[in-house]
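Enquirer: My questions concern the predicted model and sequence given below.
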Amino acid sequence: MVDVIIAIDPDVDKNGVALLNVKTKQLVVKTLTFAPTLDYVEVAHAKAKMQKQNFLVVVEGGWLNHSHWHINRERSRFHAAAIGNAVGRNHETGIHLCEVFKYKGIPLVKIHPTHTDAQKRAQTNVLQNVMENTRKHQT
């Protein structure tokens, strides 16, 4: 089972970062820019390793979605293009975070953004399976 989970919602300006100690149920929530996010995860990972705790980073991967259409009747093509540009930059931030974590050997899982209760339940099942598999591989 995973002892410490860091969940990240990537964004160009500031990433949403939540650290959960599963055993104590202590939750720390922050917004951090790119470099401090890397530092925060590295320090938390090192601390977990020293305490022989299982550690996992979960990154919301909007780029995993199959489509990213931003056009509707209320928005102009210019507005849709601006939204698409911003979304693309956020995706690139998440991709770069994952690349660095993988390079540094930090356990990582990328998840699809969820919108409906059914999607959230399915995502919870995926995370539970990842946590169980992580525990099995580390024992």
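Expert: Right, received. Where do you want to start?

Enquirer: hey, let's count contacts and neighbours off CA atoms from now on
Expert: Fine.

Enquirer: Not counting the helix or strand hosting Ala48 itself, show me its contacts.
Expert: In this assignment (DSSP states H and E), Ala48 forms part of helix 34-50. Contact with helix 34-50 is made by Val4, Ile6, Val12, Asp13, Lys14, Asn15, Val17, Asn54, Phe55, Thr93, Leu97, Ile106, as judged by C-alpha atoms under 8 Å, 6 or more residues apart in numbering.

Enquirer: count of residues packed around Leu56?
Expert: 23 (other C-alpha atoms under 10 Å).

Enquirer: mind checking how far it is from Phe34?
Expert: From Leu56 over to Phe34 the distance is 18 Å, taken as C-alpha to C-alpha, to the nearest Å.

Enquirer: Quick check: next helix or strand after the helix holding Ala48?
Expert: Following helix 34-50 in sequence, per DSSP H and E, is strand 55-60.

Enquirer: ok, residues contacting that following strand?
Expert: Contacts for strand 55-60 (C-alpha under 8 Å, 6+ apart): 2-10, 45, 48-49, 94, 98, 106-113.

Enquirer: Please narrow those residues to those residing in helices.
Expert: Among the contacts of strand 55-60, DSSP state H puts His45, Ala48, Lys49, Gly94, Cys98 in helices.

Enquirer: Could you pull out the strands in the protein for me?
Expert: Shown for the chain, the strands assigned by DSSP state E span residues 4-9, 15-21, 26-32, 55-60, 108-111.

Enquirer: In this protein, where is pLDDT below threshold?
Expert: Scanning the chain for pLDDT under 70 picks out 62-91, 114-139.

Enquirer: wait, isn't Asp9 in contact with Lys30?
Expert: No. The criterion here is C-alpha atoms under 8 Å, and Asp9 misses it with Lys30 at 10.7 Å.

Enquirer: So which of those two has more stuff around it?
Expert: Higher neighbour count among Asp9 and Lys30: Asp9, with 20 against 12, using other C-alpha under 10 Å.

Enquirer: Excluding sequence neighbours, find me the nearest residue to that one.
Expert: Gly16 (4.9 Å; C-alpha to C-alpha, 6 or more residues apart in numbering).

Enquirer: before we move on, the earlier item: include distance to Val41 when you put the strands of the chain into TSV, please.
Expert: Putting the strands of the chain into TSV (distance: least, C-alpha to C-alpha, whole Å) gives the following:
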stretch	distance to Val41
strand 4-9	7
strand 15-21	9
strand 26-32	11
strand 55-60	8
strand 108-111	11
